[in-house]
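*Asks:* Sequence and computational prediction follow.
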Amino acid sequence: MTNGWTDIRNADLVLVMGGNAAEAHPCGFKWVTEAMEHRKARLVVVDPRFTRSAAIADFYAPLRVGTDIAFLGGVINYLLSNNKIHRDYVLNYTNASFIVGDKYAFENGLFSGYDEGKRSYDRSAWGFARGDDGFVRVDQTLKDPNCVFQIMKKHFSRYTPEMVENVCGTPKASFLKVAQMIGDTCTPDKVMTILYALGWTQHSHGSENIRTMAMIQLLLGNIGRAGGGVNALRGHANVQGVTDMCPFAASLPGYMSAPTEADVEYAKFLEARTPKEMRPGAVNFWKNFSKFHTSLMKAWYGDHATKENNYAYDFLPKRDGIYDVMDSFERMASGEMRGLICQGFNPIAALPNKTKLFQALSKLDYMVVIDPLETESAEFWKNFSEFHKANTADIKTEVIRLPSSCFAEDEGTFTNSGRVLQWHWAAANPPGEGKTDREIFAELFVRLKAMYKKDGGKYPEAMMKLTWNYSNPRNPSAEEILKEVSGRTATEILDPKTKEVLVKAGGQVAGFGQLKDDGSTSCGNWIYSGCWSEKGNLTARRDKSDPGEMGTYLNWGFAWPANRRVLYNRAGTDLSGKPWDPKRPSIAWDGEKWSGTDIPDMPPTNNTAPPFIMTTTGVGNLYAPMAEGPLPEHYEPFETPIGKNPMNSNPKAVSNPASKIFKSVAGTFGTKEKFPYAATTYRLTEHFHFWTKNVESNAITQPSPFVEISPDLAKEKGIRNGDMVKVWNDRGEIRATVVVTKRMPRLKSGGQNVDTVGIPIHFGFVGVAKNGFLANELTPYVADANSYTPEYKAFLVNIAKV
């Protein structure tokens, strides 16, 4: 979240789209009701289903699954056509005025620079025009036909209300009502927030869904403001924390880009990841990359990371491609990957195309499952009759289960959706042979290191020289690890002006501003730096005081970065530093420095730099290179229920032209002729998520599997409420009770009726709930081109009464 849960109460309009906050985030949703009750905020829900969020909304608009960009593109067209933008904000705080180079083009669904064979773009074709000084050229009048503002107007002019209705199935009047409500927040005294979740991310164009909404918030001037922002609602308590630590081959902790096999030389690796300013005055905070990276390597390798060995750079693996979970399972299926460790992860239930996953797991030599509860993945080798057919004798995989602790049986931090780290204490010890994840991994490391020492191995230095200076190497404490993550200094840190000692040698740094690239500081994650300072464990704070009554709560836990609660809050003020809305001030310029109820997202005495300190230009990006192009464009799901893309006539651009299609599934996607109905997946409050299948009280409230369809579809298929139905496609089949409900509206899209089958994801073949089929029997093996998130939210099926 750019803002946070408690900040939602400052909004005038709350848009829930790409999620179902009332259902999936029932505790956090109270801040929406706070805004509705105390600020008279309005709630708008746009969703393929009439959800629990929609049930209390001021207005609901339906749309076809997978068409969010068409809807949001229509909103952008409405804002630009009706001058419903915050012009001062757009001119000064976005790249609307930037001049785009003459290589840029867009025609019939594709941008310039496309390579069909590689399914990728040459992004240099989308670059900005540069002046003699090397900086990007701008046009402050916004009239140059090659400036971003004019290119946007041309690009989105195709997204008319009539086109939105045709693509999305949203009635024109409903779309215009939503667009008007959104547009009304373009004034300084109004602000909108957007709450989204997996309903946006789990598409083959999921990253573009989010980018399009961010563009809308920039046009409205709602980024950096109290009550505004683009807010991702995370699932479990620590999904944000897992993301921040970046257990993904392409990234290092704190969202630092990891090296590839092309990064042979350390100096060139740093140079490639240390960007240059593209506009005068930009803070360009990533220019500090070397400080963050060097401090990370010191945290990992300690005294073995020196200037002479480039701070242990050679110890880092240099990846030769993509290693996300889908690529990994592809390698398992082909026999390239022979072992798997699953920690708190149930892949056969959580990844797409269960049949393919089962085949991949069956080819492993071994799989280690670290989990406190029974999972389908741990039991994949067993036969569960119709729910999971397996011949154990044919499966060579050795499955080793290591029982771990539940969240209430360990201490440490959770990082919630609002980036707030909160310490939690253990209520009990894990039962039986259960151990904490820390103890399991520490023991694994100690034993592996001993094996390397005794027997050797390939490139042992990376393992043998890891620093492991914990009081108990086999079971490090959570406190020790958090201190290591937060960062410490080996030498005194002095005030540059007064020379006063700010941090003694060996002390905890106060924040990432004290990190250095000379090897004197260590930090396991720069964005968490300062969470455990010389003042102690700031994540354990529980002070509910709220000076200014803005819902900031600076002394509750610790928010990254720097305990800041609203990112880019300098954008919440005009050029002189006065808040756009004096009634909702976050920070302000007092003539000498920034101050307010939040931590300023700007060097404290700098009143001239533009507000977006993490970009090389200092402004928000309306136009920016992503895998699919520099601007969003509607692409159909890979399994489209209308069989075409109404936005173009190009067969190469029906679906995302940059998404990776694995050879093993190429040509296997379903068609509307064979599978005429759209399908989507979602969560249930009563189950929370997969693991609560093991809790009897949750199982009682939602005991057995079901699917949902519209009354229109039920009538056509001769299905009645409560019937047993089968839902199938070429990947698999599920059976469940059917709920016939008006919550699943039939829509008119692409000149044809489109019905959607709704499938809750929580059921499976282990646990105390009644056994059922995994929803991913049906989901396709294709993903977003940027984040590689699978497309769970839009695919094709058929349905019939059993």
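*Replies:* Thanks, I have the structure now.
*Asks:* hey, let's count contacts and neighbours off CA atoms from now on
*Replies:* Will do.
*Asks:* Name the residues of the lowest-mean-pLDDT helix or strand in the chain that are buried.
*Replies:* Least confident helix or strand of the chain, by mean pLDDT, DSSP states H and E, is helix 696-701 with a mean of 87. Within helix 696-701, the residues that qualify as buried are 698-699, counting by 16 or more other CA atoms under 10 Å.
*Asks:* Give me the residues contacting stretch 158-178.
*Replies:* With CA atoms under 8 Å, 6 or more residues apart in numbering as the test, stretch 158-178 has contacts from 44, 59-65, 67-68, 70-71, 73-74, 77-78, 646-647, 747-751.
*Asks:* now with 6 Å?
*Replies:* Outside stretch 158-178, the residues within contact range by CA atoms under 6 Å, 6 or more residues apart in numbering are 61-64, 67, 70-71, 73-74, 747-750.
*Asks:* Kindly report the same for stretch 201-210.
*Replies:* 69, 200, 632, 783-784, 789-793.
*Asks:* how does it look with 7 Å?
*Replies:* Residues from elsewhere that reach stretch 201-210 (CA atoms under 7 Å, 6 or more residues apart in numbering): 66, 68-69, 200, 632, 637, 656, 659, 782-787, 789-793.
*Asks:* Now do the same contact list for Glu791.
*Replies:* Counting by CA under 7 Å, 6+ apart, Glu791 has contacts 202-204, 780, 782-783.
*Asks:* can you rerun that using 8 Å?
*Replies:* Glu791 makes contact with 202-204, 352, 637, 779-784, according to CA under 8 Å, 6+ apart.
*Asks:* Which of the contacts of stretch 201-210 fall in helices?
*Replies:* 68-69, 200 (DSSP state H).
*Asks:* what number of residues lie near Phe59?
*Replies:* 17 (other CA atoms under 10 Å).
*Asks:* should've said Gly432
*Replies:* 8.
*Asks:* give me the element it is part of.
*Replies:* Taking DSSP states H and E as the definition, Gly432 sits outside all helices and strands.
*Asks:* Pull the contacting residues for it.
*Replies:* Gly432 neighbours (CA under 8 Å, 6+ apart): none.
*Asks:* Swap in 10 Å and give it another go.
*Replies:* 403-404 (CA atoms under 10 Å, 6 or more residues apart in numbering).
*Asks:* separation between it and Ser405?
*Replies:* 10 Å (CA to CA, to the nearest Å).
*Asks:* among the contacts of stretch 158-178, who's most crowded?
*Replies:* Busiest of the contacts of stretch 158-178 [other CA under 10 Å] is Ala70, holding 30 neighbours.
*Asks:* that older thread, between the contacts of Glu791, which sits nearest Arg564?
*Replies:* Of all the contacts of Glu791, Arg564 sits closest to Gln202, with 28.6 Å by CA to CA.
*Asks:* related to what we said a few turns ago, need the ones in helices among the contacts of stretch 201-210 in CSV (columns: pLDDT and distance to Gln343).
*Replies:* Output for the ones in helices among the contacts of stretch 201-210, formatted as CSV (pLDDT from 0 to 100; distance: CA to CA, whole Å):
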residue, pLDDT, distance to Gln343
Asp68, 98, 33
Ile69, 98, 35
Trp200, 97, 26
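*Asks:* Out of these, who's the most crowded?
*Replies:* Asp68 (30 neighbours).
*Asks:* What distance do you get for that one to Glu492?
*Replies:* In terms of CA to CA, Asp68 sits 53 Å off from Glu492.
*Asks:* Check Val369 too.
*Replies:* For Val369, the distance to Glu492 - CA to CA - is 44 Å.
*Asks:* what about these two, which has more around it?
*Replies:* Val369 (23 against 15).
*Asks:* which strands and helices sit next to the strand or helix carrying that one?
*Replies:* Using DSSP H and E, Val369 falls within strand 366-371. Applying 3 or more CA pairs under 10 Å, 6 or more residues apart in numbering; DSSP states H and E, one finds that strand 366-371 contacts strand 339-343, strand 398-403, helix 437-455.
*Asks:* That strand relative to strand 339-343, how many degrees between them?
*Replies:* 0 degrees (axes from the mean of the first three to the mean of the last three CA atoms, to 10 degrees).
*Asks:* Over strand 366-371, what's the mean pLDDT, rounded is fine.
*Replies:* In this model, strand 366-371 carries a mean pLDDT of 97.
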